[in-house]
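>>> Got a sequence here, can you model it:
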Amino acid sequence: MKKYLLFLIAILSVSLTSCSVDDDCDNGFYRVDQFGPANGYFPEDLIINGMTGESSILITSERQFLQEVRGARNFLPQIDFSRENLLIGQVRVRDFRNLASSVSLFKESCNYTRDNEVVITLDVNKGIRNSFLTYNAILPKTSNTKMFVRVDVIHR
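The predicted structure is shown next:
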């Protein structure tokens, strides 16, 4: 009886101190890195092979990056694919001159059936250019690779 009671107490104490899935998840947005200029190339000039329209892809390896993105070799030193993934995409921007700045925010989903969230804010200077602009976000590797991406464009 004593052994049974000790066993029951041990199981109860372990179950009370166990973490739930949500305990490790902050559930808030935080800023993530982006590519900076490299060897005279700018990340907004990267071209995603075969991408048409407004879209994005999650790149999970160096090999995939080199195959799918023209100009990728210049930016390889800025990302470690063993720990990070790259979200890269393009958005149609009207009436702009150039990209002044950009910010990427990431929110990891605590529930594996929901998408992680990425918010890209592009700050552009007003002008007469109408074209696609490439954006990127260097994200931590997570077990959930589903992404909901929102791109906001601010004209100055």
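
>>> Please name the spatially closest residue to the most centrally placed residue in the chain (chain neighbours excluded).
Per Cα atoms, centre = their mean, the C-alpha nearest to the average position across the chain is that of L139, at 4.0 Å. In space, and not counting its chain neighbours, L139 is closest to N85: 4.9 Å by Cβ to Cβ, 6 or more residues apart in numbering. Any C-beta I mention is one placed from the backbone N, CA and C, and that applies to glycine too.

>>> in terms of contact, does the residue nearest to the centre of the chain touch V118 like I think?
Yes. Using Cβ atoms under 8 Å, L139 is in contact with V118, at 7.1 Å.

>>> so where does the closest residue to M51 other than its chain neighbours fall, helix or strand?
Closest residue to M51 apart from its sequence neighbours, by Cβ to Cβ, 6+ apart: Q90 at 6.1 Å. Assignment of secondary structure by DSSP states H and E places Q90 within strand 84-107.

>>> list the buried ones in that strand?
Applying a neighbour-count criterion of 16 or more other Cβ atoms under 10 Å, one finds 84-91, 93, 96, 99, 102, 104-107 buried in strand 84-107.

>>> For the chain, which segments count as strands?
30-32, 47-48, 55-59, 69-70, 84-107, 116-140, 147-155 (DSSP state E).

>>> and the fourth one, what other elements does it pack with?
Put plainly, it is strand 69-70. Using 3 or more Cβ pairs under 8 Å, 6 or more residues apart in numbering; DSSP states H and E, the elements in contact with strand 69-70 are strand 47-48.
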